[in-house]
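Participant: quick one, what's the 3D model for this:
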Amino acid sequence: MEMPAPLRRLRAHRELTSARRAADAELVATHLPPPRLAWRTNELSSDDHRRALAEALVDIVRSAESRFLPSASPLNRPAVRAQTGRLLRVAATLADLERSVAPRGVLLVERLLVDDSRGLYGRLAPVALRPALDEALEALEERR
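Facilitator: Below is the predicted model:
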C-alpha cells in the first residue's frame with residue numbers, strides 16, 4: 001500500500017531538515033567544505049538566502065534605534081546599538097553578491113540570528129555580541 005501524498009511530503013521534509021542539520025554541523029566544524037556537501041553550500045550561498053540574512057540584520061539594527069520605544073522584543077538593544085557598525089558590515093558582506101562568501105560564515109550568521117547565547121537577544125552585556133560578529137565576519141571572508 002502506497003503512502004498518501006501528504007505523508008510522503010512530510011517525510012521528505014523531515015529527511016531534508018535532518019540532512020541540512022547534519023551538513024550544517026559539518027560545515028561549521030570545518031573551514032574547507034567537502035565537495036559532497038556542495039548542495040548545502042549552494043543553498044547557503046544563494047543570492048536569495050544572502051539577501052534575506054542581510055535584510056534581517058538591517059531590520060535588527062533599525063528596530064534597536066532609540067527613536068523606537070522599548071517593546072516586549074527580546075532584542076538586546078544596547079548590544080545592537082554598540083555593535084551597529086559590525087552588524088552592518090556583516091550585512092554588507094552578505095549583500096555584496098559579486099563577492100563569494102564561505103558557507104561556514106553564513107551558518108554563523110544564521111546562528112547569531114536564532115541563538116540567544118550569542119548576545120543578540122536577552123540581557124547579556126553589550127560586549128558579548130562583538131566576538132560572535134567578529135567570528136561570523138572572519139568566517140564569511142575565508143578564502144575558499
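Participant: let me see the contact set for the nearest residue to D116 once chain neighbours are set aside.
Facilitator: Distances taken as CB to CB, 6 or more residues apart in numbering place G122 nearest to D116, at 4.8 Å, with adjacent residues excluded. (Glycine included, C-beta is placed from N, CA and C.) Counting by CB atoms under 8 Å, 6 or more residues apart in numbering, G122 makes contact with 74, 76, 116.
Participant: got phi/psi on G122?
Facilitator: Backbone torsions of G122, given as degrees, to the nearest 10, read phi 90, psi -160.
Participant: circling back to that earlier point, quick one: which of the contacts of G122 is nearest L88?
Facilitator: N76 (16.4 Å; CB to CB).
Participant: helices of this structure, start to end?
Facilitator: With DSSP state H as the criterion, the chain has helices at 5-29, 38-44, 47-63, 77-82, 84-95, 103-114, 129-140.
Participant: which of the ones you listed sits most buried?
Facilitator: Among the helices of the chain, helix 103-114 has the highest mean neighbour count (mean count of other CB atoms under 10 Å), at a mean of 21.
Participant: so which elements touch that helix?
Facilitator: Judged by 3 or more CB pairs under 8 Å, 6 or more residues apart in numbering; DSSP states H and E, the packing partners of helix 103-114 are helix 5-29, helix 38-44, helix 47-63, helix 84-95, helix 129-140.
Participant: dump these into CSV; add mean pLDDT and distance to R104 as well.
Facilitator: Converted to CSV, those look like this (pLDDT from 0 to 100; distance: least, CB to CB, whole Å):
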stretch, mean pLDDT, distance to R104
helix 5-29, 90, 6
helix 38-44, 95, 9
helix 47-63, 96, 14
helix 84-95, 97, 13
helix 129-140, 94, 5
